[in-house]
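> Coordinates for the following, if possible.
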Amino acid sequence: MGLIEFLLLLLVAGVAGAIAQSLVGYSRGGCLVSIALGFIGALLGTWLGRVLGVGELFALKIGDVAFPIVWSIIGAAVFVAILSAIANVRRPPME
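Numbers count the residues shown, from 1 in each chain. All right, here's what the predicted structure looks like:
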C-alpha cells in the first residue's frame, strides 16, 4: 500500500465517521475522531454483518484493501450512539 492509497483510505474512513456522527446527532471531536470512528465502525459493522449473515453491501477497493462503506457507517453509528448514551448518563442534569 502506497502513501496515496493510505491517504485515500483515511479520507474514506473520515467521511464514513462524519456521516455516522451526523446520523446519530452526536459529535465530539474533529477530523481525527471521524477517521477513528470510520475504522472502528468498519470493524464493528463487518462483525455485525457476519453475525446477521449479510455480506458486504458496498465495499470500496483502495489498493489491496476493500473498505466496507455501508457497514462502516452502520457500525460507526452504533458505536457513536453507545458513546452518546454513556456520555449522557454521566452528565449531571442542568438546572
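> Tell me the backbone dihedrals of residue 63, please.
Taking degrees, to the nearest 10, you get phi 70, psi -120 for the backbone angles of residue 63.
> Contact partners for it?
Residue 63 makes contact with 1, 2, 5, 9, according to Cβ atoms under 8 Å, 6 or more residues apart in numbering. Glycine gets a C-beta too; all of them are placed from N, C-alpha and C.
> Can you report how many residues lie near the first one?
Applying other Cβ atoms under 10 Å, we find 11 residues neighbouring residue 1.
> In contact with it, which residues?
By Cβ under 8 Å, 6+ apart, the residues touching residue 1 are 9, 63, 64, 65.
> Just the buried subset of the residues you listed, please.
Among these, the ones that count as buried by 16 or more other Cβ atoms under 10 Å are residue 9.
> how about stretch 19-29: buried residues?
19, 20, 21, 24, 26.
> From the residues you listed, which one has the minimum pLDDT?
Ranked by pLDDT, these bottom out at residue 26 (79).
> Okay, and it sits in which element?
Following DSSP states H and E, one finds residue 26 outside all helices and strands.
> Tell me which stretches of this structure form helices.
Listed in chain order, the helices found in the chain under DSSP state H are 3-24, 31-52, 69-90.
> Can you tell me which helices and strands the last one packs against?
This means helix 69-90. Here helix 69-90 touches helix 3-24, helix 31-52, going by 3 or more Cβ pairs under 8 Å, 6 or more residues apart in numbering; DSSP states H and E.
> and what of the first one?
Applying 3+ Cβ pairs under 8 Å, 6+ apart, one finds that helix 3-24 makes contact with helix 31-52, strand 59-62, strand 65-68, helix 69-90.
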